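Visitor: model the following, please.
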Amino acid sequence: MRWALVKVSLAVTVMVVVAFAVPLGLVVKELARDRAFSNAERQAATIAPTLTITDDREQLERAVYSTSAGSDRKMAVHIPASRAAGSRPLELGTRRAAEKDVRTVQRLGRASITDVPGGSVLLQPTGLGSGVIAVVEVYVPERDVSNGVTTAWLVLAGVGAALVVGSVAVADRLGVRMVEPAQRLAGAAHALGEGKLGARVPEEGPPELRSAAVAFNSMADQVVQLLANERELAADLSHRLRTPLTVLRLNAASLGDGPAADQTRAAVAQLEREVDTIIRTARDAKPQTAAAGFGVGCDVSEVVRDRMDFWSALAEDEGRKVRLAGVDKTVRIPVGRPELVAALDALLGNVFRHTPEGTAFSVDVHNGDDAVILLISDAGPGIADPGAALVRGNSGGGEGSTGLGLDIVRRVAESTGGDVRIGRSVLGGTEVRIWIGLDGRRSPDRTRGHRLRRRGRGASGRAPAEV
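Guide: Numbering: from 1, shown residues only. Below you'll find the model as predicted:
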């Protein structure tokens, strides 16, 4: 493409130079010729007054040689014989024109230019008082006719060559400016096709290529986002299997002894390991968070009641005391039901997995003007490093944990402009506070705590615990 542009520019420039330089060169040549013969006409006109007042040879010779053409032996005067005056023909100066050409000018009375060896002569007729017509001959050498033409042509050729070279250079730069971004775009497309998801293109070059680069980068970002979302979805879906697996493991633990019981417990353990492998494999790809939209929503009270009904049977088998508060009225939040179910199951599953049997826990819902707080508290040993537990992939010290559960909870909260905090509960163990924004804009770090402490008391009659 680059060389094609250079060739086109070269061809067009050469045609333009030829189209203008050749006619201009011919005009210059014609101007030089006109200038030379105009000067000859002026030289011939200077002798005309003398011819009209005298026919004395000495005076005429003196007048002829007083001119520059006469002194250079380039002028001649032809005076024919006059019958009325009885004079004879008279010729002065250096003659170069043929006799017939002189007689023709005398007969026609018009100026004429005739070629002679080494140049041309101007034959200028002049009427005398005796009624005859004298002819003034002025010789114009060839060098005078072409004086300055060669220099002008060389200048035109130089200008034309400079234009050609300049156009080729400009075309080459333009070609580079167009070709290099196109090559980078093609290279990045090949790299992306080979699986190099980090391939991007600098957004530079002509407007069209910049637009193409912007579109390519946006497409590449979307591809990366889609792959990340798929991996994250795989991790989240796999994590949701932990909830029924927890129930299955706890039920298998109560089967007692025997080959069938041992096989069941081994199968459950193997299944848990496989699910953990899937979660860790998907987590290693570092998927990006996909926020939940505000177009979806659910009743947090109804979801909490439903999930507590599910977990209460297992809690009763393990002798755990359960307290539920703040779910006696409808509370809409901008979170989809599947996402909230996954978050609750992740937190409640952690309670059953990481606290001893018989450990009490509670779930409280606090409804405020601009947010809803969901508290999951337990009386277990607590979390040694709450900050590290919120980092995706960090188990927080729990054996057999993938660390993805709290990340699911965090993403649900952050999708509404909220956050997740971990601290010490009033029961003595861990308290996970999920702040869910109702307008999606208010920052969770602003003056919200005191508003909920004043207005958001749940059925338990206590304010949210400070963490």
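Visitor: run the chain-centre distance for the biggest helix by length in the chain.
Guide: Using DSSP state H, we find that the single longest helix of the chain is helix 2-53. With Cα atoms, centre = their mean, to the nearest Å as the basis, helix 2-53 stands 50 Å off its chain's centre.
Visitor: the spatially closest residue to residue 36 that is not a sequence neighbour: helix or strand, and which one exactly?
Guide: Counting by Cβ to Cβ, 6 or more residues apart in numbering, residue 36 lies nearest to residue 144, which is 4.5 Å off, once chain neighbours are set aside. For glycine as for every other residue, the C-beta is placed from the backbone atoms N, C-alpha and C. In the assignment (DSSP states H and E), residue 144 maps to helix 142-145.
Visitor: same check, this time on residue 78
Guide: Residue 78 belongs to strand 75-79 when assigned by DSSP H and E.
Visitor: list the helices and strands the longest helix of the chain packs on?
Guide: With contacts defined as 3 or more Cβ pairs under 8 Å, 6 or more residues apart in numbering; DSSP states H and E, the packing partners of helix 2-53 are helix 57-65, helix 68-71, strand 75-79, strand 119-127, strand 133-141, helix 142-145, helix 149-193.
Visitor: recalculate using a threshold of 7 Å.
Guide: In terms of contacts (3 or more Cβ pairs under 7 Å, 6 or more residues apart in numbering; DSSP states H and E), helix 2-53 is packed against helix 57-65, strand 119-127, strand 133-141, helix 142-145, helix 149-193.
Visitor: could I get those as CSV with mean neighbour count, mean pLDDT and distance to residue 411?
Guide: Output for the helices and strands packed on helix 2-53, formatted as CSV (neighbours: other Cβ atoms under 10 Å; pLDDT from 0 to 100; distance: least, Cβ to Cβ, whole Å):
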stretch, mean neighbour count, mean pLDDT, distance to residue 411
helix 57-65, 15, 80, 113
strand 119-127, 20, 85, 100
strand 133-141, 23, 86, 99
helix 142-145, 14, 81, 94
helix 149-193, 15, 80, 27
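Visitor: got the ones you listed as a markdown table, with distance to residue 327 columns?
Guide: Formatted as a markdown table, these follow (distance: least, Cβ to Cβ, whole Å):
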| stretch | distance to residue 327 |
| --- | --- |
| helix 57-65 | 133 |
| strand 119-127 | 120 |
| strand 133-141 | 119 |
| helix 142-145 | 114 |
| helix 149-193 | 49 |
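Visitor: go through the ones you listed and name the closest to residue 381.
Guide: helix 149-193 (48.9 Å; Cβ to Cβ).
Visitor: next, the angle from the helix or strand that the closest one is followed by to helix 149-193.
Guide: Following helix 149-193 in sequence order, the next helix or strand is helix 207-240 (DSSP H and E). On the basis of axes from the mean of the first three to the mean of the last three Cα atoms, to 10 degrees, helix 207-240 is oriented at 10 degrees to helix 149-193.
Visitor: now do helix 207-240: distance to the chain's middle.
Guide: On Cα atoms, centre = their mean, the centre of helix 207-240 falls 19 Å from that of its chain.
Visitor: indicate which one of the helices and strands packed on helix 2-53 is closest to residue 26.
Guide: Minimum separation from residue 26 across those (Cβ to Cβ) falls at helix 149-193, 9.9 Å.
Visitor: on contacts alone, who are the packing partners of that closest one?
Guide: Here helix 149-193 touches helix 2-53, helix 207-240, going by 3+ Cβ pairs under 7 Å, 6+ apart.
Visitor: mind checking which of those helices is nearest residue 257?
Guide: So among the helices and strands packed on helix 149-193, helix 207-240 is nearest, using Cβ to Cβ, at 31.2 Å.
Visitor: contacts for the very next helix or strand once past that closest one?
Guide: Downstream of helix 207-240, the next assigned helix or strand under DSSP H and E is helix 242-253. Contacts to helix 242-253, defined as Cβ atoms under 7 Å, 6 or more residues apart in numbering, come from residues 264, 265, 268, 271, 272, 275, 314, 345, 349, 352, 353.
Visitor: list only those of those residues flagged as buried.
Guide: Neighbour-count burial (16 or more other Cβ atoms under 10 Å) applied to the contacts of helix 242-253 gives 264, 268, 272, 275, 314, 345, 349, 352, 353.
Visitor: in JSON lines: the contacts of helix 242-253, plus pLDDT.
Guide: Listed next are the contacts of helix 242-253 as JSON lines, based on pLDDT from 0 to 100:
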{"residue": "264", "pLDDT": "77"}
{"residue": "265", "pLDDT": "73"}
{"residue": "268", "pLDDT": "73"}
{"residue": "271", "pLDDT": "73"}
{"residue": "272", "pLDDT": "71"}
{"residue": "275", "pLDDT": "68"}
{"residue": "314", "pLDDT": "87"}
{"residue": "345", "pLDDT": "87"}
{"residue": "349", "pLDDT": "87"}
{"residue": "352", "pLDDT": "89"}
{"residue": "353", "pLDDT": "85"}
